[in-house]
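Enquirer: Got a sequence here, can you model it:
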Amino acid sequence: MRRHLSTALSLVLFLIAWGVAACISAPGPGDDAGQPLAARPLPAGVNALEASLSLELAEMEGEEHPSLHNLFTLSPNIISGGEPATSAALEALALRGVKTIVSVDGKVPDSATAAQLGMRYVHIPIQYKGITEDELLALAKTFRELEAPFFVHCFHGRHRGPAAAAVGRLVLDGIDRTQALAEMRQWMGTSTKYAGLYATIASAQLPAAAESAAAGFAFPAAHHFAGFRAIMVETSRVWDRLALLSKGDWRIDPAHPDIDPRNEARQLADLYASAAVSDELALYPANMRQLMEETRADAEALALVLGSGGGASTTERPTTKSPVAIMDRLKAACVACHKSHRNR
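Expert: Predicted structure coming up:
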């Protein structure tokens, strides 16, 4: 009986808090610069993940195109999706009327092709653990001062991109925090393991229009990384290509003759070998360094099994000859590393 009463009381308290949030976060008429007032943070104690389910949205499926994936038109101002990795993808965005593309991924975007098509690229890389104050300021200034419609993307268009698009919805469209959280989770499928992204949208104090107007952010088209982070940016793309080849039993797809399993496996092995000796890795705990060494050995083993050997020896880590089993081990290592270091 006491357990039922406790559960009921917890639910009532949450609903009261959410109701308060809905009242105080409704957008006002606008600030002195004519911009919508960004909704206030949800009250302390309101769980962002619970709030993302407190408002039930009508179902929406992302659009899928040959060159564009996970496309969600959230408003006339904001479109969210995956990386436009080809000229055809950028052309498709231009045909949709997009004027500004915001990338929050680590890869340097193709701003030159975008410019030829009449679109401006702004590169604001963010991490899975959340969005910093400086990054929020840059995003808010971009949405307030550059031309809409905006296309906001990360790599796959599921986690970081939707969080950045939510910032645009808050500062440009004037929606409330609960709506923004619900769109991330219910429409775009942002994983709940990225609690920091949800916490940012729920609780971060967004800069006022006057503050973003005074900021010195110059809307750079490219932010260049070096070292470990640059290696990981490229590794994620090689991994996706290998996963695609694995589904096709390692046969080359005639539609993508440039994606060869031997070359991709060799690239992965070389990338992990570089990561294993990078200066930044020395700053991580011993368990992270050990995990990276095991991952390097498995990646080298995959290259050998798929016929592109020639790197470091794998005699210190005996392994099965099944490329699928090696891929499973590599994936498990990535998940463990991300959980301990990237997502926190």
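Enquirer: Tell me if Y272 really is in a helix.
Expert: Yes. Judged by DSSP: H, G, I helix; E, B strand; the rest coil, Y272 forms part of a helix.
Enquirer: Is it correct that it is in contact with R296?
Expert: Yes. The pair Y272 / R296 is scored as a contact, 4.3 Å apart, by C-beta atoms under 8 Å. C-beta here means a position set from N, CA and C on the backbone, and glycine is covered the same way.
Enquirer: How many residues are close by the closest residue to S87 other than its chain neighbours?
Expert: Nearest residue to S87, sequence neighbours excluded (C-beta to C-beta, 6 or more residues apart in numbering): T113, at 5.5 Å. T113 has 17 neighbouring residues, counting by other C-beta atoms under 10 Å.
Enquirer: S322 and L302, how far apart?
Expert: 10 Å (C-beta to C-beta, to the nearest Å).
Enquirer: For those two, indicate the residue with more neighbours.
Expert: L302 (28 against 11).
Enquirer: what helix or strand does the more buried one sit in?
Expert: For L302, the element it lies in under DSSP states H and E is helix 286-305.
Enquirer: per-residue confidence averaged over that helix?
Expert: Averaging pLDDT along helix 286-305 gives 91.
Enquirer: likewise stretch 37-51?
Expert: On average, stretch 37-51 scores 93.
Enquirer: Pull the distance from that stretch to the chain's centre.
Expert: 21 Å (C-alpha atoms, centre = their mean, to the nearest Å).
Enquirer: can you tell me the distance between the two ends of it?
Expert: End-to-end distance of stretch 37-51 (C-alpha to C-alpha, to the nearest Å): 21 Å.
Enquirer: Buried residues of it, list them for me.
Expert: Under the neighbour-count criterion of 16 or more other C-beta atoms under 10 Å, stretch 37-51 has 37-43, 46-48, 51 buried.
Enquirer: what do you get for stretch 145-154?
Expert: 145, 148-154.
Enquirer: With pLDDT, secondary structure and distance to A182 added, can I get those in JSON lines?
Expert: As requested, these are exported to JSON lines (pLDDT from 0 to 100; DSSP: H, G, I helix; E, B strand; the rest coil; distance: C-beta to C-beta, whole Å):
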{"residue": "E145", "pLDDT": "98", "secondary structure": "helix", "distance to A182": "27"}
{"residue": "A148", "pLDDT": "98", "secondary structure": "coil", "distance to A182": "22"}
{"residue": "P149", "pLDDT": "98", "secondary structure": "coil", "distance to A182": "21"}
{"residue": "F150", "pLDDT": "98", "secondary structure": "strand", "distance to A182": "20"}
{"residue": "F151", "pLDDT": "98", "secondary structure": "strand", "distance to A182": "21"}
{"residue": "V152", "pLDDT": "98", "secondary structure": "strand", "distance to A182": "17"}
{"residue": "H153", "pLDDT": "98", "secondary structure": "strand", "distance to A182": "20"}
{"residue": "C154", "pLDDT": "98", "secondary structure": "coil", "distance to A182": "19"}
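Enquirer: Pick the one among those residues closest to A215.
Expert: The closest of the buried residues of stretch 145-154 to A215 turns out to be E145 (C-beta to C-beta; 9.7 Å).
Enquirer: and the gap between the closest one and I78?
Expert: For E145 relative to I78 (C-beta to C-beta), the value is 15 Å.
Enquirer: How about F219?
Expert: Counting by C-beta to C-beta - F219 and I78 are separated by 17 Å.
Enquirer: higher neighbour count, those two?
Expert: I78 (25 against 16).
Enquirer: Excluding chain neighbours, what is closest to the more buried one?
Expert: G168 is the one closest to I78 (C-beta to C-beta, 6+ apart), at 4.6 Å.
Enquirer: That neighbour - how many residues pack around it?
Expert: 26.
Enquirer: Confirm it sits in a helix?
Expert: Yes. Assigned with three-state DSSP, G168 falls within a helix.
Enquirer: tell me the contacts of it?
Expert: G168 sits next to 77-78, 102, 139, 143, 150, 152 when contact means C-beta atoms under 8 Å, 6 or more residues apart in numbering.
Enquirer: Of those residues, which belong to helices?
Expert: Residues from those lying in helices, with DSSP state H as the criterion: 139, 143.
Enquirer: Same list (the contacts of G168) but as JSON lines, adding distance to D328.
Expert: JSON lines is the format used below for the contacts of G168 (distance: C-beta to C-beta, whole Å):
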{"residue": "N77", "distance to D328": "42"}
{"residue": "I78", "distance to D328": "37"}
{"residue": "V102", "distance to D328": "35"}
{"residue": "L139", "distance to D328": "37"}
{"residue": "F143", "distance to D328": "41"}
{"residue": "F150", "distance to D328": "38"}
{"residue": "V152", "distance to D328": "33"}
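Enquirer: Identify the farthest-apart pair in the contacts of G168.
Expert: The widest separation within the contacts of G168 (C-beta to C-beta) is 13.4 Å, between N77 and L139.
Enquirer: Residues contacting the host helix or strand of the residue nearest to S87, please?
Expert: Assigned by DSSP H and E, T113 belongs to helix 111-116. Outside helix 111-116, the residues that touch it by C-beta under 8 Å, 6+ apart are 87, 90, 101, 120-121, 123, 221-222.
Enquirer: now that helix: how far from the chain's centre is it?
Expert: That offset, for helix 111-116, works out to 22 Å (C-alpha atoms, centre = their mean).
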